[in-house]
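[1] Sequence first, predicted coordinates after that:
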Amino acid sequence: MIYKRKPPPDNVRRVRHINKNTYGVTTNKRGRLVQFESEQERKLILLLERDVTVNDFTSQPETLAFTAENGGNRQYTPDFQVWRTDGQIELHEVTLAQRRQTKETIQQRETAARRICQQRGWKYRVHTEETLPTGHEYASLDLLAPFRVEAYADEEIATWWETQLERCTPVHPQTILSHASAAHANGLLLNTLYHLIWHNQVHIDWTAPFIWRGAFHLNARIWLASTRATSVKQGPEAQQ
């Protein structure tokens, strides 16, 4: 449900509908209501959801006051505040690369936000459409996001997947499914697999196609961390 009159708790403003932008409210990993004001912001939310170093995050966290170069008083509300598991706190902004390069007011607010974060011992990070997920990575994140919730965490089926994958190098998912007994419902197997992938217990190549037209792509592969020594792509590093 989109908050039409007031923002969710802990948000200083509600998101706006501008030029047919994608916007709305979702629930994050800690049950907190989080707003997004563009498709790019939603992409960042998906990355924060999967990032095991992120303990919690909120949107539209506070309004920063600063003095512009012309001496005028300015205000700026960052898109997100992030709490890391190591205690680090960050402010995150999502913008367009061209606007960031050409609009002086954006450059000034970034400078001010960095200064304020430095004074607090925080970090400030900026994301653009050039650093956020696109293509196959975004398609897979979008597909698997609904399976992040614990309702899909079936311990017995998860053990079955792990046992099957212990015997394999990276393998097509359908190859594993062909070994399933009649006692395992195919839908439950898939739901648990998607949950395991989201939580990084089973790996995929996020830069390659995974699902195509309702079925596993011919080149889709899955594996356990212990099966293949590789790092799973978590998303581009944010610009500093």
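    Received the coordinates, thanks.
[2] Domain parsing of the chain, as residue ranges.
    Domains of the chain are assigned by automatic domain parsing as 24-127, 135-216.
[3] export these to CSV and tack on mean neighbour count?
    The way it works is simple: take the backbone N, C-alpha and C, and place the C-beta from them, glycine included. Compiled in CSV, the domains of the chain are given as follows (neighbours: other C-beta atoms under 10 Å):
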stretch, mean neighbour count
domain 24-127, 16
domain 135-216, 16
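[4] Those: which one's closest to Lys6?
    Lys6 lies closest to domain 24-127 among the domains of the chain, at 11.5 Å (C-beta to C-beta).
[5] Now that closest one: average pLDDT?
    The pLDDT scores in domain 24-127 average 96.
[6] partners of the closest residue to Leu143 other than its chain neighbours in the sheet?
    Leaving aside its chain neighbours, Leu143 sits nearest to Ile211 (5.8 Å; criterion: C-beta to C-beta, 6 or more residues apart in numbering). According to DSSP bridges, the partner residues bridging Ile211 are Phe216.
[7] For Ile211, give me its contacts.
    Shown in contact with Ile211 (C-beta atoms under 8 Å, 6 or more residues apart in numbering): Ala139, Ser140, Leu143, His217, Ala220.
[8] do you know how far it is from Gln174?
    Ile211 is 12 Å from Gln174, where distance means C-beta to C-beta, to the nearest Å.
[9] quick revisit: how about the domains of the chain in TSV, adding distance to Pro9?
    Shown next, in TSV, are these (distance: least, C-beta to C-beta, whole Å):
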stretch	distance to Pro9
domain 24-127	7
domain 135-216	21
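[10] and the longest helix belonging to the chain, how far out from the chain's middle?
    As assigned by DSSP state H, the longest helix anywhere in the chain is helix 104-120. Put simply, helix 104-120 sits 24 Å off its chain's centre (C-alpha atoms, centre = their mean, to the nearest Å).
[11] all helices for the chain, in order.
    Here the chain has its helices, by DSSP H, at 39-50, 97-102, 104-120, 135-144, 155-166, 173-177, 186-198.
[12] Of all those, which one is nearest Gly87?
    helix 104-120 (12.7 Å).
[13] if I read this right, Gln108 contacts Glu69, doesn't it?
    Yes - between Gln108 and Glu69 there is a contact at 6.2 Å, judged by C-beta atoms under 8 Å.
[14] Contacts only, for Arg13.
    Shown in contact with Arg13 (C-beta under 8 Å, 6+ apart): Pro7, Gln60, Thr63, Thr77.
[15] Please apply the same query to Thr128.
    Applying C-beta under 8 Å, 6+ apart, the residues near Thr128 are Gln40, Val94, Thr95, Leu96, Ala97, Arg100, Gln239.
[16] Recalculate using a threshold of 7 Å.
    Applying C-beta atoms under 7 Å, 6 or more residues apart in numbering to Thr128 gives the contacts Thr95, Leu96, Ala97, Arg100.
[17] Mind putting those into a markdown table with distance to Asn73?
    Putting those into a markdown table (distance: C-beta to C-beta, whole Å) gives the following:
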| residue | distance to Asn73 |
| --- | --- |
| Thr95 | 22 |
| Leu96 | 25 |
| Ala97 | 28 |
| Arg100 | 22 |
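[18] Widest-spaced pair of these?
    Spanning the widest gap among the contacts of Thr128 are Thr95 and Ala97, at 7.7 Å by C-beta to C-beta.
[19] related to what we said a few turns ago, okay if I get the contacts of Arg13 as a markdown table plus distance to His17?
    Below are these laid out as a markdown table (distance: C-beta to C-beta, whole Å):
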| residue | distance to His17 |
| --- | --- |
| Pro7 | 14 |
| Gln60 | 15 |
| Thr63 | 20 |
| Thr77 | 17 |
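[20] biggest separation within those residues, which pair?
    Pro7 and Thr63 (11.9 Å).
[21] Could I get the average pLDDT for stretch 13-20?
    Mean predicted confidence for stretch 13-20 is 81.
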